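[1] structure for this input, please:
(one chain, ligands or ions: 2)
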Amino acid sequence: MHLIALSLIVCCSVSFSWANEWGYPDLDNNQDEPFPKWGGLCDSGKKQSPINLHVKGALKGEFDALKFENYDEHQKNLRMVNNGHSIQLSGFDHELTLSGGALLQDFVVEQIHMHWWSEHTINDIRYPLEVHIVHRNNIYPNMTMAANFKDGIVVIGVLYHVSNTPNEAIGSIIKSLGAVKSYDSMNKPVLVADSLAVDDLVPSVENYFTYAGSLTTPTCAEAVT
Ligand SMILES: *[C@@H]1O[C@H](CO)[C@@H](O)[C@H](O)[C@H]1NC(C)=O
Ligand SMILES: [Zn+2]
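    Ligands and ions are numbered 1, 2, ... in the order given. Okay, the predicted model is just below:
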């Protein structure tokens with residue numbers, strides 16, 4: 001009886017740690033490495049992000065203007081963490097609130113992270129950087145809850161191209177990357193030395209694509225506008 005109980009515990013702790021470990025194909029070493037299976041909705045979902053945004057295939061619509069509150073504030077206490085998959089910023093001095101457009105509620109910024117090489121493509125073009133500003137619907141108390149509802153999360157995704165005109169906010173982020181880039185600094189947040197205003201990460205939003213999709217990392221919850 002003891003043996004059986006022990007093997008059950010071993011089995012379950014192993015599968016739990018697998019569930020937390022996921023990664024991207026190492027295309028620098030092997031361009032043909034297939035995209036790994038992350039399990040659950042990531043493999044079987046029906047509204048999975050990212051997608052190719054195709055200008056001719058998109059329906060045109062008109063919405064009220066989006067409303068950005070506090071995005072112009074210079075954030076002086078931002079923390080940056082290397083979580084092993086990306087770098088992520090959080091610790092905003094005041095609530096940054098997005099509303100308007102086709103949104104029915106207020107959405108507050110939870111965190112900002114980046115993807116080197118964009119996840120979305122526009123007309124099949126992949127851009128060198130994609131910034132995700134992740135918002136939670138204010139009617140839900142936390143991201144875990146919000147991820148259970150199709151109106152739970154709004155992500156603003158911004159695709160960047162290389163330019164001679166520096167972006168001030170990206171510049172502040174790059175300046176602090178050295179403090180988190182080593183393997184040993186993983187999961188240890190540092191203060192972003194230079195303040196930055198989140199609206200410097202967002203270009204004009206007079207025209208944008210919007211669609212119902214998902215988180216692009218496990219659990220891949222289909223809760224994202
Ligand atoms: C999220 O909120 C729910 C409901 O209040 C609570 O039960 C849960 O523990 C919270 N989860 C986290 C990770 O804070
Ligand atoms: Zn992302």
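[2] alpha carbons only for contacts and neighbour counts from here, please
    Noted.
[3] can you give me the helices for the protein?
    Per DSSP state H, the chain carries helices over the ranges 2-20, 41-44, 143-146, 168-177.
[4] what is the third one packed up against?
    Under the contact criterion of 3 or more C-alpha pairs under 8 Å, 6 or more residues apart in numbering; DSSP states H and E, helix 143-146 touches strand 129-137.
[5] and the contacts of the strand it packs on?
    Outside of strand 129-137, the residues within contact range by C-alpha atoms under 8 Å, 6 or more residues apart in numbering are 98, 105-120, 142-143, 146, 151-161, 201.
[6] between helix 168-177 and it, find me the angle.
    100 degrees (axes from the mean of the first three to the mean of the last three C-alpha atoms, to 10 degrees).
[7] off-centre distance for strand 129-137?
    The chain centroid and the centroid of strand 129-137 are separated by 5 Å, computed with C-alpha atoms, centre = their mean, to the nearest Å.
[8] again, but for stretch 111-119
    For stretch 111-119 - counting by C-alpha atoms, centre = their mean - the centre lies 6 Å from the chain centre.
[9] one more: stretch 200-219?
    That offset, for stretch 200-219, works out to 9 Å (C-alpha atoms, centre = their mean).
[10] swap in stretch 33-50?
    16 Å.
[11] stretch 176-192 too?
    With C-alpha atoms, centre = their mean, you get 18 Å for stretch 176-192.
[12] enumerate the residues of the protein near ligand 1.
    P141, N142, T144, M145 (C-alpha under 6 Å from any ligand atom).
[13] tell me the contacts of the second one?
    Remark: with contacts taken as C-alpha under 8 Å, 6+ apart, N142 is in contact with R136.
[14] contact partners for the closest residue to Q111 other than its chain neighbours?
    Spatial nearest neighbour of Q111, chain neighbours left out: S90 (4.9 Å); criterion: C-alpha to C-alpha, 6 or more residues apart in numbering. By C-alpha under 8 Å, 6+ apart, the residues touching S90 are L78, R79, M80, E110, Q111, I112.
[15] ok, so of these, who is nearest A179?
    M80 (9.2 Å; C-alpha to C-alpha).
[16] quick check: which ranges of this structure have low pLDDT?
    1-20 (pLDDT under 70).
[17] what about the strands in it?
    Along the chain, the segments classed as strands by DSSP state E run 52-53, 66-69, 74-75, 79-82, 87-90, 97-100, 107-116, 121-122, 125-126, 129-137, 153-160, 190-191, 196-197.
[18] bridged to the spatially most central residue of the chain, which residues?
    What sits nearest the mean C-alpha location of the chain, by C-alpha atoms, centre = their mean, is H132, with 4.2 Å. Listed beta-bridge partners, H132: H113, G157 (assigned using DSSP bridges).
[19] picking up where we left off before, can I get the buried ones among the contacts of strand 129-137 as something I can paste into ChimeraX?
    In ChimeraX, this line selects whichever of the contacts of strand 129-137 come out buried by 16 or more other C-alpha atoms under 10 Å:
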select :98,106,107,108,109,110,111,112,113,114,118,119,120,146,151,152,153,154,155,156,157,158,159,160,201
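[20] tell me, how many residues neighbour T97?
    A count of nearby residues for T97, using other C-alpha atoms under 10 Å, gives 18.
[21] what bridges to it?
    E69, V108.
[22] was I right about it contacting D106?
    Yes. Under the criterion of C-alpha atoms under 8 Å, T97 makes contact with D106 at 6.3 Å.
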